[in-house]
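Colleague: pasting the structure only:
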């Protein structure tokens with residue numbers, strides 16, 4: 001029986017971030033999407049994922065979801081059969097980036113969530129093409145639905161997130177590191193670095209995609225995920 005597949009969404013995203021993958025894979029296995037709207041730290045998020053997850057599962061996270069996925073591995077790698085880290089970052093937040101979040105938080109508290117989101121998720125973070133603005137509109141809609149409190153909690157969690165390079169070096173399971181070739185937020189070189197830390201990891205760069213390959217190039221992303229799901233389990 002195929003193991004369940006658990007997706008962890010990025011900042012200010014919900015299950016719609018993975019809609020093409022839910023459609024593609026739900027006919028062959030249970031598909032879950034984590035809810036990270038209430039927790040105030042990456043550690044709390046990871047524990048919430050574990051509390052709600054099946055006993056053993058395949059784990060895939062995008063952006064902030066990848067950061068949380070690494071913390072899940074640090075806490076309970078024995079429950080994860082395989083991991084896919086997409087458009088993400090294994091390192092702690094740098095002081096300059098952490099400082100940039102402060103005026104964003106102030107703006108959101110002042111009722112300017114949509115304006116702030118247009119700075120958080122910019123057009124140049126996605127690949128050029130006719131669907132860029134459509135996907136950005138969906139991002140802003142998801143953020144508006146989640147609301148101001150979620151933005152503040154997730155921003156604080158990212159500011160204080162732990163470095164996970166040691167976690168990556170300990171991974172002993174089928175591992176996919178995936179990114180878009182035009183990702184302007186978490187560039188290819190960062191994923192190449194992460195893949196180099198993980199024993200036997202496979203790096204997949206999705207052409208004509210940016211920071212949201214699950215939506216920008218769903219067919220290519222699904223093919224990469226399907227290949228990853230078909231890899232034999234590693235004895236640990």
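Modeller: Looks like it arrived, so ask away. Note that this is a predicted model, so its numbers are computed, not measured. Residues are numbered from 1 along each chain as shown.
Colleague: tell me the gap between the helix or strand hosting residue 6 and the middle of its chain.
Modeller: Element membership of residue 6, judged by DSSP states H and E, is strand 5-8. Centre-to-centre, strand 5-8 and its host chain are 10 Å apart (Cα atoms, centre = their mean, to the nearest Å).
Colleague: mind listing what's buried in it?
Modeller: Neighbour-count burial for strand 5-8 flags 5-8 (criterion: 16 or more other Cβ atoms under 10 Å). The C-beta positions use only the backbone N, C-alpha and C, and glycine is treated the same way.
Colleague: in its sheet, which strands sit next to that strand, and in what direction?
Modeller: Strand pairing for strand 5-8, determined by DSSP bridges: strand 31-33 (parallel), strand 57-62 (parallel).
Colleague: contacts only, for the residue positioned nearest the centre of the chain.
Modeller: In the chain, the centroid-proximal residue (Cα atoms, centre = their mean) is residue 62; its distance is 1.5 Å. Contact analysis of residue 62 by Cβ atoms under 8 Å, 6 or more residues apart in numbering lists 7-10, 13, 17-18, 86-88, 212, 214.
Colleague: once you drop chain neighbours, what's closest to it?
Modeller: Nearest residue to residue 62, sequence neighbours excluded (Cβ to Cβ, 6 or more residues apart in numbering): residue 86, at 4.3 Å.
Colleague: quick one, what contacts that neighbour?
Modeller: Contacts of residue 86 by Cβ under 8 Å, 6+ apart are 60-63, 65-66, 176-179, 213-214, 221.
Colleague: bridging residues for it?
Modeller: residue 62, residue 178.
Colleague: correct me, but residue 73 touches residue 83?
Modeller: Yes. Judged on Cβ atoms under 8 Å, residue 73 makes contact with residue 83 at a distance of 6.3 Å.
Colleague: now for the two: what residues contact both?
Modeller: Taking Cβ under 8 Å, 6+ apart as the contact rule, the neighbours common to residue 73 and residue 83 are 59, 171.
Colleague: the residue lying farthest from the centre of the chain and residue 104, how far apart?
Modeller: Going by Cα atoms, centre = their mean, the residue of the chain most distant from its centre is residue 110, 27.6 Å out. From residue 110 across to residue 104, the span is 11 Å (Cβ to Cβ, to the nearest Å).
Colleague: where does residue 103 land in three-state SS?
Modeller: helix (DSSP: H, G, I helix; E, B strand; the rest coil).
Colleague: per-residue confidence at it?
Modeller: pLDDT recorded at residue 103 is 96.
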